[in-house]
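Engineer: This is a predicted model, with the sequence first.
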Amino acid sequence: MLQFLAIYLCRCRMARGFPFFFLCLLHSCTSLAADFFMPFHWYYLVACLGLLVVRMFFVTGYHRYFSHRSFKTSRVFQFVIAFMR
């Protein structure tokens, strides 16, 4: 019975994805735990939102430029967009 179960788990796609699921779960739990043990500072919230806006801008610019060529830009800004992605 155990041999059959081991063969089934080796062939199962979910079993191969388990380590990634476990790492995501571990990351979520540790980040939630850190929220309770770190003091709140407004700087953290401002930095988080600022980085989120910058990241969204560059990801959108990257997709629009390299996928659709919906605007023209210089070679330097192409490298900046690709680097920030």
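Structural biologist: Noted; the coordinates are in hand.
Engineer: Centre of the chain to stretch 21-35, how far?
Structural biologist: 14 Å (C-alpha atoms, centre = their mean, to the nearest Å).
Engineer: do stretch 39-55 as well
Structural biologist: The answer for stretch 39-55 is 17 Å, by C-alpha atoms, centre = their mean.
Engineer: next one: stretch 73-85
Structural biologist: Going by C-alpha atoms, centre = their mean, where stretch 73-85 is centred and where its chain is centred differ by 20 Å.
Engineer: give me the element the residue nearest in space to the middle of the chain is part of.
Structural biologist: The residue lying closest to the centre of the chain (C-alpha atoms, centre = their mean) is Cys24, at 10.4 Å. According to DSSP states H and E, Cys24 maps onto helix 13-37.
Engineer: immediately after that helix, which helix or strand?
Structural biologist: Moving toward the C-terminus from helix 13-37, the next helix or strand (DSSP H and E) is helix 42-63.
Engineer: got the CA coordinates for that next one in CSV?
Structural biologist: Output in CSV follows, covering the C-alpha atoms of helix 42-63 (Å, rounded to 0.1, in the frame of the first residue of the first chain):
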residue,chain,number,x,y,z
TRP,A,42,4.5,56.0,9.4
TYR,A,43,7.8,55.8,7.5
TYR,A,44,7.1,52.0,6.8
LEU,A,45,3.7,52.7,5.4
VAL,A,46,4.9,55.6,3.2
ALA,A,47,7.8,53.6,1.9
CYS,A,48,5.6,50.6,1.2
LEU,A,49,3.1,52.7,-0.8
GLY,A,50,5.7,54.7,-2.6
LEU,A,51,7.6,51.6,-3.7
LEU,A,52,4.2,50.0,-4.8
VAL,A,53,3.4,53.0,-7.0
VAL,A,54,6.9,53.1,-8.5
ARG,A,55,6.8,49.3,-9.2
MET,A,56,3.4,49.5,-10.8
PHE,A,57,4.5,52.3,-13.0
PHE,A,58,7.6,50.4,-14.3
VAL,A,59,5.7,47.1,-14.7
THR,A,60,3.0,48.8,-16.7
GLY,A,61,5.6,50.7,-18.8
TYR,A,62,7.6,47.5,-19.4
HIS,A,63,4.5,45.6,-20.6
